[in-house]
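Colleague: give me the fold of what follows.
(one chain, ligands or ions: 2)
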Amino acid sequence: MSPGAPSSIAARAAAAAATALAACAEPAAATVCSSGRIVSTSEGADMAPGQICNDCHAYTNAGGDGYQAPIFGFAGTVYRTAHEPDDCAGGALDGGRELPQVVVVSATNQRYVTNLTMGGNFMLELRPTAPPIAFPITAQVRYRGRTHWMVEPVMTGECNSCHTVDGKEGAPGRIRLP
Ligand code: HEC
Ligand code: HEC
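Modeller: Ligands and ions are numbered 1, 2, ... in the order given. Here you go, the predicted structure:
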């Protein structure tokens, strides 16, 4: 064995560690709109993907201009990748052969199952007579036999408030298709 070998291994390990550190220090991943489609609020249930649905709906309902918008038990948008901009249509982008589902499980173990719209949104409108959702909730996205779970329970059904383009309150960015 050459006497230089151990130190060159050490040097390579140090170089690898430096590369790993550099990777950690890199800025957040680039923003991509996978669908390439930016939409407005005029697309029915596909409207305003990525935005905080109930905020604007409550504002609408308080506005007195005659418009009424539903207040959802939970709602949000599912994307192909983790960092997609507001108003970018999400969803599976495969022509809808099978719609992905978002399942929310309440604190009392009630399961609420919603299908994604073609534009990637999901929403639950409770009947006025239905009991309210018991918080905290957990959630999962299901698609083609695969599942992404949110293990950490949350106290609001306003999914896009944490699942923003870069993520807030520890969320990894957008809710992604599994
Ligand atoms: C910037 C404001 C704004 C945002 C953000 C917004 N909406 Fe709306 N939404 C409206 C308004 C105004 C109405 C009522 C008038 C209408 O139907 O267009 C409405 C109505 C709706 C309706 C019922 C009527 C229809 O057209 O089907 C659905 C469903 C809906 N929104 C889904 C959503 C979802 C899901 C989100 C979040 C991903 C969302 N909206 C975000 C403004 C908004
Ligand atoms: C208070 C902030 C917050 C809210 C609100 C929230 N999440 Fe999350 N979500 C997180 C955090 C933090 C993680 C990462 C930890 C984990 O997986 O439990 C996460 C992870 C996830 C994941 C797994 C990771 C991935 O990329 O697939 C899914 C799926 C998910 N959330 C779906 C939802 C759905 C659906 C809603 C609304 C019903 C929602 N989340 C509301 C914070 C939030």
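
Colleague: make it CA atoms for all contacts and neighbour counts henceforth
Modeller: Noted.

Colleague: show me the helices in the protein, by range?
Modeller: 5-25, 53-62 (DSSP state H).

Colleague: of these, which shows the lowest average pLDDT?
Modeller: Mean pLDDT across the helices of the chain is lowest at helix 5-25; the value there is a mean of 50.

Colleague: what residue ranges in this protein score low on pLDDT?
Modeller: Scanning the chain for pLDDT under 70 picks out 1-28, 95-96.

Colleague: isn't N121 right up against D87?
Modeller: No - under the criterion of C-alpha atoms under 8 Å, N121 is not in contact with D87, lying 10.9 Å apart.

Colleague: OK, contacts around M118?
Modeller: Shown in contact with M118 (C-alpha atoms under 8 Å, 6 or more residues apart in numbering): D46, G90, G91, A92, L93, G96, L99.

Colleague: which among those count as buried?
Modeller: D46, G90, G91, A92, L93, L99 (16 or more other C-alpha atoms under 10 Å).

Colleague: where do the strands sit along this structure?
Modeller: 74-79, 101-105, 111-115, 121-124, 137-143, 146-154, 175-176 (DSSP state E).

Colleague: from the chain's centre, how far out does the shortest one sit?
Modeller: It stands for strand 175-176. Computed by C-alpha atoms, centre = their mean, to the nearest Å, the chain-centroid distance of strand 175-176 equals 4 Å.

Colleague: and for that strand, what's in contact with it?
Modeller: Here strand 175-176 makes contact (C-alpha under 8 Å, 6+ apart) with T77, V78, Y79, R80, T81, A82, V141, H148, H163.

Colleague: that one vs ligand 2: in contact?
Modeller: Yes - remark: strand 175-176 sits within contact range of ligand 2 at I175, R176, by C-alpha under 6 Å from any ligand atom.

Colleague: so which bits of the protein are right by ligand 1?
Modeller: Near ligand 1, when you scan the chain using C-alpha under 6 Å from any ligand atom, you find 41-42, 44-45, 47-53, 56-57, 60, 67-70, 75-77, 121-123.

Colleague: so which residues on the chain come close to ligand 2?
Modeller: 74, 102, 104, 139-141, 148-152, 154, 156-159, 161-162, 169-172, 175-176.

Colleague: pull out the buried residues from those.
Modeller: Looking at the residues of the chain next to ligand 2 with 16+ other C-alpha under 10 Å, the buried ones turn out to be 74, 102, 104, 139-141, 154, 156-159, 161-162, 171-172, 175-176.

Colleague: which residue packs closest to S161, ignoring adjacent ones?
Modeller: I52 (5.8 Å; C-alpha to C-alpha, 6 or more residues apart in numbering).

Colleague: many thanks, we can stop here.
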